[in-house]
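**Student:** when you get a sec, could you give me coordinates for this:
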Amino acid sequence: MRKRVYTILEPSAWRGKGLSPVNKVICLLILVSVVASIVETEPEVLKGREDLFSILEYSLTGIFAIEYCLRIWIAIEKPEYTGSIMGRIRYALSFFAIIDLLTILAVVLTVFGTAPLLLRLFRLGRILRLARLGRFSSALNTLQRVLSTRAPDLLISVGLAVTIHIIASTLLYFVEGRIQPETFGSIPRAMWWGVVTLTTVGYGDAYPITVLGKILGSVTAVVGIGVIALPTGILAAAFSDAMDEERKKSSGDEN
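**Tutor:** Numbers count the residues shown, from 1 in each chain. Presented below is the predicted three-dimensional model:
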């Protein structure tokens, strides 16, 4: 029985194409729960429907609690979680198991009444259910593989961006610090300008007014375009390689 449940609930163990019917229903319920948690934060929608949202949330939480218990039960079917007790404990401490537990506790704790701020935090915890979709998503597995293979390249690009950010902020501090002490009076203050300039956001709340400051700001803005585009190009190339591998693998399986 445990192996049968494992085959149904564990995506990697399902022999059919895609997800099992049970996991498809779970994905749908997760989306319903997240949408309900988002919508109920709007007072106009929640007013007069408090009981409806509560019943929906408690019902979904009950289903997810049963699923959580079943996943703890079948965890030892995985090679990495062998051992009746310790295996289940290791699974309970895994990322997705913790997400499952937090989303369940977020609802359970609200039953006992909480302060408004804590209630909002618990609602945020229920939004974490969206992260559980990663368990069923091959796209997220591809993303994880891409990030792991291109991690050195990404770290270099991030290091370059941080270096340029610090240099640009320091230069603007020396050029504009005395003229605009509130905005550029220290390097940490100038770093806010550096962030919005390098990312080409440009909120307009901090900008140089001297000629030299404007020149430095223009150069920083142009360099920022290239710095931001660098990791984008790295990820695009990595995704292209990953998709080619997936297509070749699919073609090989069909043949």
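
**Student:** for this protein, which helix extends over the most residues?
**Tutor:** helix 211-254 (DSSP state H).

**Student:** for that one, packing partners?
**Tutor:** Applying 3 or more Cβ pairs under 8 Å, 6 or more residues apart in numbering; DSSP states H and E, we find helix 211-254 packed against helix 138-149, helix 151-176, helix 187-198. For glycine as for every other residue, the C-beta is placed from the backbone atoms N, C-alpha and C.

**Student:** out of the ones you listed, which gets nearest to residue 216?
**Tutor:** Nearest to residue 216 among the helices and strands packed on helix 211-254 is helix 151-176; the distance by Cβ to Cβ comes to 5.4 Å.

**Student:** let me see the mean pLDDT of that closest one.
**Tutor:** Average pLDDT, helix 151-176: 91.

**Student:** with stretch 208-224 instead?
**Tutor:** Computed over stretch 208-224, the average pLDDT equals 92.

**Student:** so that it lines up with my notes, have the first residue be 79 from now on.
**Tutor:** Taking 79 as the first residue, the last one we looked at is stretch 286-302.

**Student:** can I get that stretch in CSV, CA atoms only?
**Tutor:** What follows is stretch 286-302 as a C-alpha-only set of coordinates in CSV (Å, rounded to 0.1, in the frame of the first residue of the first chain):
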residue,chain,number,x,y,z
PRO,A,286,23.5,64.7,-9.8
ILE,A,287,23.3,68.4,-10.6
THR,A,288,26.9,69.3,-11.3
VAL,A,289,28.4,69.0,-14.8
LEU,A,290,30.9,66.4,-13.7
GLY,A,291,28.2,64.6,-11.7
LYS,A,292,26.0,64.4,-14.8
ILE,A,293,28.8,63.0,-16.9
LEU,A,294,29.5,60.3,-14.3
GLY,A,295,25.8,59.6,-14.0
SER,A,296,25.5,59.2,-17.8
VAL,A,297,28.5,56.9,-18.0
THR,A,298,27.1,54.8,-15.1
ALA,A,299,23.7,54.6,-16.7
VAL,A,300,25.2,53.4,-20.0
VAL,A,301,27.5,50.9,-18.3
GLY,A,302,24.5,49.7,-16.2
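
**Student:** mind listing residues that contact it?
**Tutor:** 242, 246, 249-250, 253-254, 257-258, 262, 271-272, 275-278, 280, 285 (Cβ atoms under 8 Å, 6 or more residues apart in numbering).

**Student:** swap in stretch 146-158?
**Tutor:** Contacts of stretch 146-158 (Cβ under 8 Å, 6+ apart): 80-81, 83-84, 87-88, 91, 159-162, 165-166, 168-170, 175, 178-179, 182.

**Student:** which parts of that stretch are buried?
**Tutor:** Residues of stretch 146-158 classed as buried by neighbour count (16 or more other Cβ atoms under 10 Å): 146, 148-155.
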